[in-house]
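Undergrad: Have a look at this prediction, sequence included:
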Amino acid sequence: MKYLRDKANSQVAVMAKKTSRNVGKFTLTRKTKQLKRSYHRPHPARTIVTRSQSHISGSYFHKLPAEVFRMILDKLSVFEISVFSMVSKEINRYIVDHISTLAWRNKMITENFHHNTCLEERLTIGHYRDLGLLFKRSTLLLPTKDRLKFVFSRFSQIHCFMLEQCLTADCIGFPTYGVFLQTLIAGWDELECHRVFNFLCDLTNLLQKIEAVITGKPGVRWHQELQLRLFCRQVLLDPWPNQPDCQFWLALLLKPWPMVSQAHLLFILYGPLLPEGTLGWQDLVERGLPHSALWDLARAILLLFGKLEVQDWTTTSMLTILEELFVIPLPWHMENVARLLVLCGNSLCYTFLASKAVNGRLLEISRLIVYIILVCEKDGYHMSWAVKLVQQICKVFSTATERFLFIQHLENMFSEVTREIFEFSITGNHFDDRETFQSLCFLLDASARFHTRFLHMFLQ
């Protein structure tokens with residue numbers, strides 16, 4: 001019995017061992033088959049479409065009929081279309097085709113530049129600012145040359161944007177064109193802006209028109225002078241809020257010409273305007289003008305020469321242009337020269353006077369300083385500024401004898417200018433006698449204040 005029981009137990013153990021081996025073998029086989037099946041099983045379909053797949057298969061708008069897509073664009077504003085054009089290259093191409101149609105151009109590129117209300121003017125200028133954004137964004141992928149051709153082929157046919165094409169006095173075509181251009185090229189580098197300038201010159205014959213004006217006698221071509229001033233100021237210069245940008249465009253306008261012509265052009269662009277709209281060439285020669293008439297010209301000079309290193313201007317070129325400016329069309333009234341120098345500030349005023357002092361032109365510098373003191377009294381500047389200016393000029397001279405000679409010329413010039421104004425007032429002239437008498441009174445007061453400050457400085 002014991003023998004049979006042991007044999008039975010051994011047979012059960014052998015069967016259990018075989019069973020465990022078969023189970024392991026079966027499990028390994030099933031895992032291998034599952035691995036093979038999973039290797040050949042296809043991946044689930046993607047729900048995210050990449051840019052490359054979208055370009056191949058087409059966007060959702062690609063499935064729309066062209067008429068429906070045009071209806072969608074017609075419902076959008078100009079600004080919204082400009083934003084929509086940046087969605088993809090394909091959308092950008094659709095929009096470029098859409099804004100190239102004659103129907104869209106006739107609808108959106110309006111020519112309502114002769115308004116009576118400020119609200120209408122603001123709406124028109126705002127509309128063209130949005131058009132500038134649209135053409136800036138829709139042509140973003142094109143080279144600069146192609147962008148300019150595409151844009152200006154649409155706008156060069158607008159008469160109010162061209163020189164000497166519109167004669168309406170209250171036309172806002174140039175300011176609108178300036179806002180459009182500034183919006184279009186904002187952020188472009190200098191090389192691209194050079195191309196824009198050259199393109200505009202070819203389109204409008206700008207350089208030829210400038211040459212015709214600056215080589216002629218001042219004031220003869222008064223209409224061309226005014227048109228040139230309005231176009232350059234309102235299209236190329238005034239729309240830029242930052243001084244470096246405005247300085248860049250002003251330098252582009254001046255650089256092609258010699259110094260004499262640069263001074264002439266600077267006067268056309270920023271010189272004083274008479275109430276009837278012409279440039280005050282003769283007024284600067286015949287009588288003293290208020291500071292408001294010379295402020296634009298002073299601002300332009302500061303814009304050009306405030307930082308000489310920015311546009312490769314030199315001190316010599318600055319002084320040459322100023323010297324030429326003060327004799328166009330004839331030597332200016334000395335009060336206007338003095339007032340412009342005072343408006344330009346201490347640094348430029350000192351540089352101009354010091355250059356004359358170095359060259360020994362004592363009579364010129366003395367007369368100019370007397371009129372600078374007169375301007376300080378008339379316009380309300382503190383007389384200590386003029387005293388410090390004279391003190392700085394004294395340091396230019398190396399010896400005590402030269403400094404004494406300069407002070408002597410200055411004191412004699414006070415007497416000479418006072419006598420000239422008095423004789424001018426009693427001999428009769430075509431100006432108001434009251435104005436001349438006031439100038440004499442101002443000069444006497446100015447002399448007293450100046451010498452008080454001057455002596456006080458030495459007593460200290």
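TA: Arrived safely. Residues are numbered from 1 along each chain as shown.

Undergrad: quick one: average pLDDT of the helix or strand where residue 198 lies?
TA: Using DSSP states H and E, residue 198 sits in helix 190-204. For helix 190-204, mean pLDDT rounds to 94.

Undergrad: Check which helices and strands it sits against.
TA: Under the contact definition 3 or more Cβ pairs under 8 Å, 6 or more residues apart in numbering; DSSP states H and E, helix 190-204 sits against helix 144-155, helix 173-185, helix 243-254. Glycine gets a C-beta too; all of them are placed from N, C-alpha and C.

Undergrad: Show me what the very next helix or strand once past it is packed up against.
TA: Note on helix 190-204: by DSSP H and E, the next helix or strand toward the C-terminus is helix 206-214. Packing partners of helix 206-214 (3+ Cβ pairs under 8 Å, 6+ apart): helix 222-231, helix 259-270.

Undergrad: relative to helix 243-254, how tilted is the first one?
TA: Taking axes from the mean of the first three to the mean of the last three Cα atoms, to 10 degrees, one finds that helix 222-231 is oriented at 150 degrees with respect to helix 243-254.

Undergrad: Alpha carbons of helix 222-231, as CSV, please.
TA: Provided in CSV are the C-alpha atoms of helix 222-231 (Å, rounded to 0.1, in the frame of the first residue of the first chain):
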residue,chain,number,x,y,z
TRP,A,222,6.0,130.8,-55.8
HIS,A,223,3.3,128.1,-56.6
GLN,A,224,5.9,125.4,-57.2
GLU,A,225,7.7,126.5,-54.0
LEU,A,226,4.5,126.1,-52.0
GLN,A,227,3.6,122.7,-53.6
LEU,A,228,7.1,121.4,-53.0
ARG,A,229,6.9,122.6,-49.3
LEU,A,230,3.5,120.9,-48.8
PHE,A,231,4.5,117.6,-50.4
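
Undergrad: who are the neighbours in contact with the closest residue to residue 263 other than its chain neighbours?
TA: Nearest non-adjacent residue to residue 263, counting by Cβ to Cβ, 6 or more residues apart in numbering: residue 324, 3.7 Å away. Taking Cβ atoms under 8 Å, 6 or more residues apart in numbering as the criterion, residue 324 is in contact with 259-260, 262-264.

Undergrad: Look up how far residue 265 lies from residue 324.
TA: Using Cβ to Cβ, to the nearest Å, residue 324 is found at 11 Å from residue 265.

Undergrad: neighbours of residue 200, just the number please.
TA: 17 (other Cβ atoms under 10 Å).

Undergrad: I'd say it and residue 207 touch.
TA: No. In this structure, residue 200 is not within contact of residue 207 by Cβ atoms under 8 Å, at 10.0 Å.

Undergrad: In the helix or strand in which residue 122 is found, which residues are buried?
TA: Per DSSP H and E: residue 122 is located in helix 118-138. Neighbour counts over helix 118-138 (16 or more other Cβ atoms under 10 Å) mark 121, 124-125, 127-138 as buried.

Undergrad: Could you do stretch 278-292 as well?
TA: By neighbour count on 16+ other Cβ under 10 Å, the buried set for stretch 278-292 is 279-281, 283-284, 287-289.

Undergrad: how about those residues, which pair is most distant?
TA: By the measure Cβ to Cβ, 279 and 288 form the most distant pair in those, at 17.2 Å.

Undergrad: So what's the residue count around residue 349?
TA: 21.

Undergrad: Oops, could you answer that again for residue 293 instead?
TA: Residue 293 is flanked by 19 other residues according to other Cβ under 10 Å.

Undergrad: so which of the contacts of residue 324 is the most crowded?
TA: Tallying neighbours with other Cβ under 10 Å puts residue 264 at the head of the contacts of residue 324, with 24 neighbours.

Undergrad: what residues are up against that residue?
TA: Contacts for residue 264 (Cβ under 8 Å, 6+ apart) come out as 214, 218, 324, 328.

Undergrad: Separate out the buried members of the residues you listed.
TA: Buried members of the contacts of residue 264, scored by 16+ other Cβ under 10 Å, are 214, 218, 324, 328.

Undergrad: any idea which helix or strand carries the third one?
TA: Looking back up the chat, that one is residue 324. Residue-wise, residue 324 maps onto helix 315-325 under DSSP H and E.

Undergrad: buried residues in that helix?
TA: For helix 315-325, by 16+ other Cβ under 10 Å, it's 318-322, 324-325.

Undergrad: what is the orientation angle of the helix or strand following it with helix 315-325?
TA: Following helix 315-325 in sequence order, the next helix or strand is helix 334-344 (DSSP H and E). With the same axes, to 10 degrees defining the directions, helix 334-344 sits at 140 degrees from helix 315-325.

Undergrad: which strands and helices sit next to the very next helix or strand once past helix 334-344?
TA: Remark: after helix 334-344, the chain's next helix or strand is helix 346-358, criterion DSSP H and E. If contacts are counted by 3+ Cβ pairs under 8 Å, 6+ apart, helix 346-358 sits against helix 291-305, helix 315-325, helix 334-344, helix 362-379, helix 383-394.

Undergrad: how about a cut-off of 7 Å?
TA: When contacts are defined as 3 or more Cβ pairs under 7 Å, 6 or more residues apart in numbering; DSSP states H and E, helix 346-358 packs onto helix 315-325, helix 334-344, helix 362-379, helix 383-394.

Undergrad: List the neighbours of that helix that are in contact with it.
TA: Residues outside helix 346-358 that contact it (Cβ atoms under 7 Å, 6 or more residues apart in numbering) are 305, 315, 319, 322, 341-342, 364-365, 368, 389, 392-393, 396-397.

Undergrad: can you put those residues in a markdown table and add pLDDT and distance to residue 381?
TA: Formatted as a markdown table, the contacts of helix 346-358 follow (pLDDT from 0 to 100; distance: Cβ to Cβ, whole Å):
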| residue | pLDDT | distance to residue 381 |
| --- | --- | --- |
| 305 | 83 | 21 |
| 315 | 84 | 25 |
| 319 | 91 | 23 |
| 322 | 94 | 20 |
| 341 | 96 | 12 |
| 342 | 96 | 7 |
| 364 | 94 | 22 |
| 365 | 94 | 19 |
| 368 | 96 | 15 |
| 389 | 93 | 11 |
| 392 | 93 | 16 |
| 393 | 93 | 17 |
| 396 | 93 | 22 |
| 397 | 93 | 25 |
